[in-house]
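Colleague: Next come a sequence and a model predicted from it.
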Amino acid sequence: MPHSTASHISVSKIEPRAGSSFDFGAEIKGVDSESLTEADTAVIIKALYENQVILFKSQQNLSPKAQYELTRLFDPTATGYGHGKTFDAKRSILHPDLKTIPHQPQVQVIGNGPVTEFEGLENITLKHPHHRTFHKEAISDEDDRENTRFYRWHIDAALYDLEPPKVTSLLAVKVPKTEDMTCRYDDGTGNELRLSRGSTAFVSGYKMFDLLSEEDKEFARTTKVRYAPHPYIWMSTAHSRSNGLGLLSEDVELPVSQLPLIDKSKIKTLPMCWKNPVTSKLALQVHPSAIQALHLADGTIIDDLREVRDIVYRLQRPGIAPELVYAVDWEEGDMALFNNRGVLHTVTGSFLPEEVRIFRQCNMAASEGVLGPDE
């Protein structure tokens, strides 16, 4: 339990790399994550919602329990799992990426390569997501070591039954430092971005909203997004756009008859814009791969999947321009906390089977729904 005293935490903005103009992200220093005071907690929460991504260095000794408690500061009554138990493990696209720590089940292990023992897990093989398993067209094997893609821009959320987590924490336990890669958009724009292998890339939903025309802002403020039931099974046979921002429309999504039993009361219809609880700014916050329909202010429902995807893509695409991407260059001991209700993020990069990379991830289904524009 945090105790009251003055905080010695300092917060400094992340300096964008040359040619970039992203305006979010901060580094926090002076934190004893195992023994937070009430003042520390107040500084961390404020910093998170003002900067969206906060980076703590040298957290090698942070226990899974302390990581869980730090993540839970933002939602003290949340105890469950961010992606829940709602998916059929063998068919969900999330299944290969998540392994649970036995003694702290809210914390998962992700990464790459063979691991003999880690936090009670024995003889596991981690697999870094590669775009060839999800994109319609992949970078050639010959070019794969030099080039990469944004795997899937997303929000950490079950988007069925459970509320989207408020915050996710990522702790870099083991990071193989290799040469940088070029992240190619391959969407006809010629856009590309130089980043370190395995960078986690973030974009701001607030910037995404600010870039809209006044007409589109009004549309976004007044429109709701209906997500597919059991979305990660529903989309398991579909393919991503080459820049990772949503799916191609090929009529290959699984029909209702092939999904687990659907409880209509658990289908999520959420605002297109989510309000920041500290700054009151609006984020264009949509998981583009899981969308199924749009509910407009006048009562119109757009449920033609191709049209729905085209509308959302048009609104979101300016926000992933190379200069707006914050790509974390991970070092061992780095821990990032991010506002899961204000940013989108994605895996990048590829690793050889023998390259061992270990991260711990924690998020929990929220105890309350998202804040809409009028709340």
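Modeller: Perfect, thanks for sending it.
Colleague: So, low pLDDT: which residues of the stretch 1-150 of the chain?
Modeller: 1-6, 81-97 (pLDDT under 70).
Colleague: Trp274 in helix, strand or coil?
Modeller: With DSSP: H, G, I helix; E, B strand; the rest coil as the basis, Trp274 sits in strand.
Colleague: What sits closest to it if chain neighbours are left out?
Modeller: Leaving aside its chain neighbours, Trp274 sits nearest to Gln285 (4.2 Å; criterion: CB to CB, 6 or more residues apart in numbering). Every C-beta, even on glycine, is put in place using the N, C-alpha and C of the backbone.
Colleague: And for Leu170?
Modeller: Leaving aside its sequence neighbours, Leu170 sits nearest to Ala336 (CB to CB, 6+ apart; 4.9 Å).
Colleague: Tally up the residues packed near the one you found, please.
Modeller: Ala336 sits with 22 neighbouring residues when counted by other CB atoms under 10 Å.
Colleague: And Thr178, by the same measure?
Modeller: Residue crowding around Thr178 was assessed by other CB under 10 Å; the count is 14.
Colleague: Doesn't it lie inside a helix?
Modeller: No. Using three-state DSSP, the assignment for Thr178 is coil, not a helix.
Colleague: who touches it in this structure?
Modeller: Contacts of Thr178 were listed using CB atoms under 8 Å, 6 or more residues apart in numbering, and they are Arg197, Phe351, Glu355.
Colleague: ok, Glu38 to Glu69 distance?
Modeller: Separation of Glu38 from Glu69 (CB to CB, to the nearest Å): 14 Å.
Colleague: Show me which of these two is the more surrounded one.
Modeller: Neighbours were counted for Glu38 and for Glu69 using other CB under 10 Å; Glu69 has more, 19 against 13.
Colleague: The helix or strand encompassing the more buried one: which residues count as buried?
Modeller: Element membership for Glu69 (DSSP states H and E) is helix 64-72. Residues Pro64, Ala66, Gln67, Tyr68, Glu69, Leu70, Thr71, Arg72 are the ones in helix 64-72 that count as buried (16 or more other CB atoms under 10 Å).
Colleague: next one: stretch 231-238
Modeller: In terms of neighbour count (16+ other CB under 10 Å), stretch 231-238 has its buried residues at Pro231, Tyr232, Ile233, Trp234, Met235, Ser236, Ala238.
Colleague: Can you read off the backbone torsions of the spatially closest residue to the first one that is not a sequence neighbour?
Modeller: Excluding the flanking residues, the one nearest Pro231 by CB to CB, 6+ apart is Ala290, at 3.8 Å. Ala290 adopts backbone torsions of phi -100, psi 0, taken as degrees, to the nearest 10.
Colleague: same check, this time on Arg309
Modeller: Torsion angles, degrees, to the nearest 10, at Arg309: phi -70, psi -40.
Colleague: what's the burial count for it?
Modeller: 20.
Colleague: what's near enough to touch it?
Modeller: Gly246, Leu247, Ser249, Pro288, Ile291.
Colleague: Measure how buried the last one is and give me the count.
Modeller: Meaning Ile291. Ile291, neighbours per other CB under 10 Å, totals 24.
Colleague: Ile311 is in contact with that one, correct?
Modeller: No. Judged on CB atoms under 8 Å, Ile291 makes no contact with Ile311 at a distance of 9.3 Å.
Colleague: returning to what we had before: could I get the pLDDT score of the residue nearest to Trp274?
Modeller: Listed pLDDT for Gln285 reads 98.
Colleague: Next: the one 10 residues further on.
Modeller: With respect to pLDDT, His295 scores 98.
Colleague: What's the separation between the nearest residue to Glu368 once chain neighbours are set aside and Ile291?
Modeller: Distance criterion CB to CB, 6+ apart; nearest residue to Glu368, sequence neighbours excluded, is Glu163 at 6.6 Å. Noted for Glu163: a distance of 17 Å to Ile291, by CB to CB.
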